[in-house]
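J.: got a predicted model here, sequence first, then my questions.
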Amino acid sequence: MALAGAGMISMIHAIAARAAGLPILAVASRTEARAAERAEQIGCPAVAYADLPAGADVVVVATPPALHTEQTIAALAAGASVLVEKPLATTLAEADAIVEAAADAAGHVIYAENQAFAPVVSRALGLIAELGPLEYLEVRALSPRPTWGDFLSPTWGGGCLFDLGAHPIALALLMAGDDPAVSVTARLERSPDIEVDDLAVVELQFASGLRARLEVSWRDTSTTWDLQASSDIGVVRAELLPTVGLERDGEPVGVTRAPSEVDQFVHDLGYIEQLREVRRVVTGRAPSTSTPIDASFGRHVLEIICAAYASAGADAPVDLPFTGSRALTPHELAQ
(Lines give C-alpha, C1' and ligand atoms only; values in the text may rest on other atoms or scores of the structure.)
Protein backbone atom coordinates (compact mmCIF):
# COMPACT_ATOMS: atom_id res chain seq x y z
CA MET A 1 0.00 0.00 0.00
CA ALA A 2 0.89 3.67 -0.41
CA LEU A 3 -0.77 6.64 1.28
CA ALA A 4 -1.91 9.76 -0.57
CA GLY A 5 -2.43 12.16 2.31
CA ALA A 6 -0.71 12.53 5.66
CA GLY A 7 -3.56 13.76 7.84
CA MET A 8 -5.02 12.11 10.92
CA ILE A 9 -6.89 9.41 8.97
CA SER A 10 -3.65 8.31 7.29
CA MET A 11 -2.27 7.21 10.65
CA ILE A 12 -5.41 5.18 11.34
CA HIS A 13 -4.95 3.43 7.99
CA ALA A 14 -1.29 2.83 8.87
CA ILE A 15 -2.23 1.19 12.19
CA ALA A 16 -4.85 -0.93 10.42
CA ALA A 17 -2.38 -1.90 7.71
CA ARG A 18 0.10 -3.13 10.29
CA ALA A 19 -2.59 -5.27 11.92
CA ALA A 20 -3.72 -6.62 8.54
CA GLY A 21 -0.16 -7.45 7.50
CA LEU A 22 -0.02 -4.95 4.64
CA PRO A 23 3.27 -3.04 4.31
CA ILE A 24 3.15 0.66 3.45
CA LEU A 25 5.74 1.53 0.83
CA ALA A 26 5.35 5.32 0.58
CA VAL A 27 3.53 8.42 1.84
CA ALA A 28 2.74 11.54 -0.18
CA SER A 29 1.22 14.80 1.01
CA ARG A 30 0.56 18.36 -0.15
CA THR A 31 3.65 19.46 1.78
CA GLU A 32 7.01 17.75 1.98
CA ALA A 33 7.18 18.33 5.73
CA ARG A 34 3.88 16.54 6.43
CA ALA A 35 4.84 13.65 4.17
CA ALA A 36 8.24 13.34 5.84
CA GLU A 37 6.73 13.42 9.34
CA ARG A 38 4.21 10.68 8.59
CA ALA A 39 6.74 8.60 6.65
CA GLU A 40 9.14 8.69 9.61
CA GLN A 41 6.37 7.54 11.95
CA ILE A 42 5.46 4.65 9.66
CA GLY A 43 8.99 3.76 8.57
CA CYS A 44 8.74 4.29 4.81
CA PRO A 45 9.88 6.84 2.21
CA ALA A 46 8.15 10.17 1.63
CA VAL A 47 7.37 10.81 -2.04
CA ALA A 48 5.54 13.32 -4.23
CA TYR A 49 2.00 12.70 -5.43
CA ALA A 50 3.39 12.26 -8.95
CA ASP A 51 5.54 9.34 -7.74
CA LEU A 52 2.55 7.27 -6.59
CA PRO A 53 1.85 4.36 -6.53
CA ALA A 54 5.59 4.03 -5.83
CA GLY A 55 5.51 0.27 -6.37
CA ALA A 56 2.39 -0.33 -4.31
CA ASP A 57 -0.60 -2.40 -5.42
CA VAL A 58 -3.08 -0.11 -3.63
CA VAL A 59 -3.11 3.64 -3.09
CA VAL A 60 -5.16 4.91 -0.15
CA VAL A 61 -6.52 8.30 -1.18
CA ALA A 62 -6.98 10.13 2.13
CA THR A 63 -6.70 13.71 0.95
CA PRO A 64 -9.32 16.50 0.94
CA PRO A 65 -12.38 15.50 -1.14
CA ALA A 66 -11.58 18.00 -3.89
CA LEU A 67 -8.42 15.98 -4.70
CA HIS A 68 -10.03 12.52 -4.69
CA THR A 69 -10.99 12.39 -8.35
CA GLU A 70 -7.64 13.45 -9.75
CA GLN A 71 -5.65 11.18 -7.46
CA THR A 72 -7.93 8.16 -7.86
CA ILE A 73 -7.84 8.37 -11.65
CA ALA A 74 -4.05 8.86 -11.63
CA ALA A 75 -3.54 5.78 -9.43
CA LEU A 76 -5.81 3.68 -11.67
CA ALA A 77 -3.94 4.89 -14.76
CA ALA A 78 -0.67 3.81 -13.13
CA GLY A 79 -2.04 0.29 -12.66
CA ALA A 80 -2.92 0.42 -8.96
CA SER A 81 -6.17 -0.21 -7.13
CA VAL A 82 -7.54 2.53 -4.90
CA LEU A 83 -9.15 2.77 -1.49
CA VAL A 84 -10.70 6.25 -1.57
CA GLU A 85 -11.88 7.95 1.60
CA LYS A 86 -15.39 9.28 2.05
CA PRO A 87 -16.97 11.41 0.75
CA LEU A 88 -16.11 10.06 -2.68
CA ALA A 89 -15.85 13.52 -4.27
CA THR A 90 -17.18 17.06 -3.94
CA THR A 91 -19.60 16.91 -6.89
CA LEU A 92 -21.55 14.21 -8.68
CA ALA A 93 -19.72 15.08 -11.91
CA GLU A 94 -16.43 14.21 -10.18
CA ALA A 95 -17.97 11.01 -8.81
CA ASP A 96 -19.12 10.09 -12.32
CA ALA A 97 -15.55 10.46 -13.53
CA ILE A 98 -14.29 8.07 -10.84
CA VAL A 99 -16.94 5.46 -11.65
CA GLU A 100 -16.16 5.69 -15.37
CA ALA A 101 -12.42 5.40 -14.78
CA ALA A 102 -12.93 2.38 -12.53
CA ALA A 103 -15.00 0.64 -15.18
CA ASP A 104 -12.17 0.97 -17.72
CA ALA A 105 -9.24 0.17 -15.39
CA ALA A 106 -7.54 -3.07 -14.48
CA GLY A 107 -7.48 -2.01 -10.84
CA HIS A 108 -10.39 -1.74 -8.44
CA VAL A 109 -11.85 1.23 -6.58
CA ILE A 110 -13.06 0.50 -3.06
CA TYR A 111 -15.02 3.20 -1.25
CA ALA A 112 -13.69 3.61 2.29
CA GLU A 113 -16.84 3.09 4.33
CA ASN A 114 -15.02 1.47 7.23
CA GLN A 115 -18.12 1.19 9.41
CA ALA A 116 -19.60 -1.32 6.98
CA PHE A 117 -16.76 -3.65 8.03
CA ALA A 118 -17.03 -2.99 11.77
CA PRO A 119 -17.66 -6.33 13.55
CA VAL A 120 -20.71 -4.96 15.39
CA VAL A 121 -22.20 -3.62 12.14
CA SER A 122 -21.53 -6.85 10.25
CA ARG A 123 -23.25 -8.81 13.01
CA ALA A 124 -26.12 -6.30 13.16
CA LEU A 125 -26.70 -6.49 9.40
CA GLY A 126 -27.04 -10.27 9.68
CA LEU A 127 -29.62 -9.92 12.45
CA ILE A 128 -31.50 -7.19 10.57
CA ALA A 129 -31.78 -9.47 7.55
CA GLU A 130 -33.74 -11.87 9.78
CA LEU A 131 -36.34 -9.25 10.75
CA GLY A 132 -38.33 -9.56 7.55
CA PRO A 133 -39.86 -6.44 5.98
CA LEU A 134 -38.45 -3.43 7.85
CA GLU A 135 -40.62 -0.60 9.08
CA TYR A 136 -38.17 1.91 10.55
CA LEU A 137 -34.44 2.67 10.60
CA GLU A 138 -32.54 5.18 12.69
CA VAL A 139 -28.85 6.05 12.53
CA ARG A 140 -27.09 8.72 14.59
CA ALA A 141 -23.61 10.20 14.25
CA LEU A 142 -23.16 12.83 16.95
CA SER A 143 -19.71 14.26 17.57
CA PRO A 144 -17.89 17.39 18.73
CA ARG A 145 -16.93 19.91 16.08
CA PRO A 146 -13.64 18.97 14.34
CA THR A 147 -10.72 21.16 15.37
CA TRP A 148 -8.39 20.15 12.54
CA GLY A 149 -8.45 20.35 8.75
CA ASP A 150 -10.72 22.54 6.63
CA PHE A 151 -14.00 20.84 7.51
CA LEU A 152 -15.62 24.13 8.54
CA SER A 153 -14.92 25.86 5.23
CA PRO A 154 -17.48 25.82 2.39
CA THR A 155 -14.60 24.94 0.06
CA TRP A 156 -14.54 21.48 1.65
CA GLY A 157 -17.87 20.80 -0.08
CA GLY A 158 -20.30 20.92 2.82
CA GLY A 159 -20.57 20.62 6.57
CA CYS A 160 -21.38 17.81 8.94
CA LEU A 161 -23.88 16.11 6.63
CA PHE A 162 -21.39 16.06 3.75
CA ASP A 163 -18.51 14.68 5.78
CA LEU A 164 -19.74 12.85 8.87
CA GLY A 165 -23.15 12.16 7.34
CA ALA A 166 -21.67 9.86 4.71
CA HIS A 167 -21.46 7.15 7.40
CA PRO A 168 -25.13 7.00 8.50
CA ILE A 169 -26.36 7.27 4.91
CA ALA A 170 -24.21 4.31 3.92
CA LEU A 171 -25.37 2.27 6.90
CA ALA A 172 -29.03 3.05 6.16
CA LEU A 173 -28.58 1.85 2.58
CA LEU A 174 -26.91 -1.35 3.75
CA MET A 175 -29.67 -2.02 6.29
CA ALA A 176 -32.37 -1.44 3.67
CA GLY A 177 -30.72 -3.94 1.31
CA ASP A 178 -32.44 -4.16 -2.07
CA ASP A 179 -35.15 -1.66 -1.07
CA PRO A 180 -34.24 1.51 -3.05
CA ALA A 181 -34.41 4.99 -1.52
CA VAL A 182 -36.94 7.08 -3.48
CA SER A 183 -36.91 10.47 -1.74
CA VAL A 184 -35.07 12.51 0.88
CA THR A 185 -36.14 15.33 3.16
CA ALA A 186 -33.53 17.26 5.13
CA ARG A 187 -33.22 20.07 7.62
CA LEU A 188 -29.84 21.73 8.10
CA GLU A 189 -28.73 24.16 10.79
CA ARG A 190 -25.47 26.03 11.28
CA SER A 191 -24.03 27.83 14.26
CA PRO A 192 -23.48 31.59 13.79
CA ASP A 193 -19.69 31.36 13.89
CA ILE A 194 -19.31 29.03 10.89
CA GLU A 195 -20.52 28.98 7.27
CA VAL A 196 -21.46 25.30 6.97
CA ASP A 197 -24.06 23.07 8.60
CA ASP A 198 -23.24 21.52 11.95
CA LEU A 199 -26.61 19.82 12.53
CA ALA A 200 -28.61 17.76 10.05
CA VAL A 201 -31.80 15.71 10.35
CA VAL A 202 -32.55 13.62 7.28
CA GLU A 203 -35.47 11.34 6.45
CA LEU A 204 -35.12 8.77 3.70
CA GLN A 205 -38.18 7.17 2.14
CA PHE A 206 -37.77 3.76 0.50
CA ALA A 207 -39.88 2.12 -2.18
CA SER A 208 -41.46 -0.33 0.27
CA GLY A 209 -42.64 2.46 2.57
CA LEU A 210 -39.71 1.99 4.94
CA ARG A 211 -38.56 5.22 6.64
CA ALA A 212 -35.08 6.01 7.88
CA ARG A 213 -34.27 8.89 10.20
CA LEU A 214 -30.66 10.08 10.24
CA GLU A 215 -29.26 12.60 12.68
CA VAL A 216 -25.79 14.09 12.23
CA SER A 217 -24.23 16.66 14.51
CA TRP A 218 -21.00 18.47 15.29
CA ARG A 219 -22.60 20.12 18.33
CA ASP A 220 -22.19 17.37 20.91
CA THR A 221 -19.63 17.33 23.71
CA SER A 222 -19.06 13.58 23.28
CA THR A 223 -19.34 11.07 20.46
CA THR A 224 -22.36 8.82 19.95
CA TRP A 225 -22.69 6.60 16.89
CA ASP A 226 -25.52 4.06 16.87
CA LEU A 227 -28.19 2.46 14.71
CA GLN A 228 -31.53 0.73 15.08
CA ALA A 229 -33.80 -1.29 12.79
CA SER A 230 -37.30 -2.54 13.53
CA SER A 231 -40.00 -4.65 11.93
CA ASP A 232 -43.24 -6.10 13.23
CA ILE A 233 -41.33 -9.08 14.62
CA GLY A 234 -38.32 -7.47 16.31
CA VAL A 235 -35.78 -4.75 16.91
CA VAL A 236 -32.00 -4.74 16.42
CA ARG A 237 -29.91 -2.00 18.02
CA ALA A 238 -26.14 -1.50 17.70
CA GLU A 239 -23.72 0.95 19.30
CA LEU A 240 -20.33 1.80 17.81
CA LEU A 241 -19.28 4.67 20.09
CA PRO A 242 -18.65 5.47 22.90
CA THR A 243 -18.91 1.73 23.59
CA VAL A 244 -19.58 -1.27 21.37
CA GLY A 245 -22.82 -3.13 21.97
CA LEU A 246 -25.50 -5.10 20.16
CA GLU A 247 -29.03 -6.11 21.16
CA ARG A 248 -31.80 -8.17 19.58
CA ASP A 249 -35.17 -7.41 21.18
CA GLY A 250 -33.41 -5.97 24.21
CA GLU A 251 -31.18 -9.02 24.74
CA PRO A 252 -27.40 -8.63 24.39
CA VAL A 253 -25.69 -10.30 21.44
CA GLY A 254 -21.96 -11.09 21.48
CA VAL A 255 -19.60 -9.22 19.16
CA THR A 256 -16.03 -10.15 18.23
CA ARG A 257 -13.53 -8.00 20.08
CA ALA A 258 -9.93 -7.27 19.15
CA PRO A 259 -7.01 -9.37 20.38
CA SER A 260 -4.97 -7.64 23.06
CA GLU A 261 -2.17 -6.73 20.66
CA VAL A 262 -4.52 -4.94 18.22
CA ASP A 263 -5.71 -1.36 18.57
CA GLN A 264 -9.29 -1.64 19.86
CA PHE A 265 -10.59 1.54 18.20
CA VAL A 266 -9.21 0.68 14.75
CA HIS A 267 -10.58 -2.86 15.05
CA ASP A 268 -14.02 -1.87 16.35
CA LEU A 269 -14.62 0.72 13.61
CA GLY A 270 -13.80 -1.73 10.84
CA TYR A 271 -10.55 -0.32 9.52
CA ILE A 272 -8.65 -3.60 9.76
CA GLU A 273 -11.33 -5.76 8.16
CA GLN A 274 -11.78 -3.14 5.46
CA LEU A 275 -8.13 -3.53 4.44
CA ARG A 276 -8.45 -7.31 4.54
CA GLU A 277 -11.36 -7.00 2.12
CA VAL A 278 -9.25 -4.72 -0.08
CA ARG A 279 -6.56 -7.41 -0.16
CA ARG A 280 -9.12 -10.12 -0.98
CA VAL A 281 -10.53 -8.09 -3.87
CA VAL A 282 -7.20 -6.91 -5.28
CA THR A 283 -5.58 -10.36 -5.12
CA GLY A 284 -8.61 -12.05 -6.68
CA ARG A 285 -9.43 -14.09 -3.58
CA ALA A 286 -12.91 -12.58 -3.68
CA PRO A 287 -14.83 -11.24 -6.68
CA SER A 288 -15.10 -7.48 -6.88
CA THR A 289 -18.85 -7.93 -6.59
CA SER A 290 -18.56 -9.57 -3.17
CA THR A 291 -19.20 -6.22 -1.50
CA PRO A 292 -21.23 -3.22 -2.66
CA ILE A 293 -18.67 -0.84 -1.16
CA ASP A 294 -17.26 0.30 -4.50
CA ALA A 295 -17.13 3.55 -6.46
CA SER A 296 -20.77 3.25 -7.51
CA PHE A 297 -21.83 2.82 -3.90
CA GLY A 298 -19.81 5.89 -2.92
CA ARG A 299 -21.45 7.87 -5.70
CA HIS A 300 -24.90 6.78 -4.50
CA VAL A 301 -24.09 8.00 -0.99
CA LEU A 302 -22.97 11.34 -2.45
CA GLU A 303 -26.15 11.49 -4.56
CA ILE A 304 -28.27 11.25 -1.42
CA ILE A 305 -26.11 13.87 0.28
CA CYS A 306 -26.59 16.22 -2.68
CA ALA A 307 -30.34 15.59 -2.70
CA ALA A 308 -30.48 16.26 1.05
CA TYR A 309 -28.74 19.63 0.70
CA ALA A 310 -31.05 20.53 -2.18
CA SER A 311 -34.03 19.52 -0.02
CA ALA A 312 -32.85 21.72 2.83
CA GLY A 313 -32.40 24.65 0.45
CA ALA A 314 -35.86 24.22 -1.06
CA ASP A 315 -37.54 23.21 2.22
CA ALA A 316 -39.20 20.34 0.37
CA PRO A 317 -38.65 16.64 -0.34
CA VAL A 318 -36.38 15.76 -3.26
CA ASP A 319 -36.93 12.64 -5.34
CA LEU A 320 -34.27 10.04 -5.98
CA PRO A 321 -32.49 9.48 -8.31
CA PHE A 322 -31.34 13.08 -7.98
CA THR A 323 -31.83 15.15 -11.13
CA GLY A 324 -30.27 18.41 -9.94
CA SER A 325 -26.94 19.88 -10.94
CA ARG A 326 -24.03 17.46 -10.98
CA ALA A 327 -21.52 20.32 -11.08
CA LEU A 328 -22.35 21.91 -7.71
CA THR A 329 -21.07 20.88 -4.31
CA PRO A 330 -23.61 19.90 -1.64
CA HIS A 331 -23.05 23.24 0.11
CA GLU A 332 -23.79 25.10 -3.11
CA LEU A 333 -26.95 23.04 -3.71
CA ALA A 334 -28.40 24.28 -0.41
CA GLN A 335 -27.96 27.97 -1.26
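T.: Perfect, I can see it now.
J.: residue 100 in helix, strand or coil?
T.: Of the three states, residue 100 takes helix under DSSP: H, G, I helix; E, B strand; the rest coil.
J.: now do the helices in the stretch 1-150 of the chain.
T.: In the stretch 1-150 of the chain, the helices defined using DSSP state H, counting those that start in this stretch lie at 8-20, 32-42, 65-77, 92-104, 119-128.
J.: make JSON lines from those helices and add mean pLDDT to it.
T.: Shown next, in JSON lines, are these (pLDDT from 0 to 100):
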{"stretch": "helix 8-20", "mean pLDDT": "96"}
{"stretch": "helix 32-42", "mean pLDDT": "96"}
{"stretch": "helix 65-77", "mean pLDDT": "98"}
{"stretch": "helix 92-104", "mean pLDDT": "98"}
{"stretch": "helix 119-128", "mean pLDDT": "97"}
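J.: mind checking the ones you listed for the one nearest to residue 226?
T.: Checking the helices of the stretch 1-150 of the chain against residue 226 by CB to CB gives helix 119-128 as the closest, at 9.8 Å. (C-beta placed from N, C-alpha, C; glycine too.)
J.: now the helices of the stretch 1-150 of the chain as CSV including mean neighbour count and distance to residue 231?
T.: Formatted as CSV, these follow (neighbours: other CB atoms under 10 Å; distance: least, CB to CB, whole Å):
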stretch, mean neighbour count, distance to residue 231
helix 8-20, 20, 34
helix 32-42, 17, 45
helix 65-77, 21, 36
helix 92-104, 18, 32
helix 119-128, 20, 9
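J.: closest one to residue 49 among the ones you listed?
T.: Closest approach to residue 49 among the helices of the stretch 1-150 of the chain is made by helix 65-77 (6.7 Å; CB to CB).
J.: hmm, back to that, looking at the helices of the stretch 1-150 of the chain, which is closest to residue 137?
T.: helix 119-128 (8.7 Å).
J.: what sits up against the closest one?
T.: Residues outside helix 119-128 that contact it (CB atoms under 8 Å, 6 or more residues apart in numbering): 115-116, 134, 171, 174-175, 227, 229, 236, 238-240, 244-246, 248, 253, 255-257, 267-268, 270, 273.
J.: again with stretch 60-68
T.: The contact list for stretch 60-68 (CB under 8 Å, 6+ apart) reads 1-5, 7, 9-10, 13, 30, 71-72, 75, 82-85, 87-90, 94, 98, 112, 149-150, 155-157.
J.: can you add distance to residue 261 and give the helices of the stretch 1-150 of the chain back as a markdown table?
T.: Formatted as a markdown table, the helices of the stretch 1-150 of the chain follow (distance: least, CB to CB, whole Å):
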| stretch | distance to residue 261 |
| --- | --- |
| helix 8-20 | 8 |
| helix 32-42 | 18 |
| helix 65-77 | 31 |
| helix 92-104 | 35 |
| helix 119-128 | 17 |
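J.: closest one to residue 144 among the ones you listed?
T.: Across the helices of the stretch 1-150 of the chain, the minimum distance to residue 144, taken as CB to CB, is reached by helix 8-20, at 14.1 Å.
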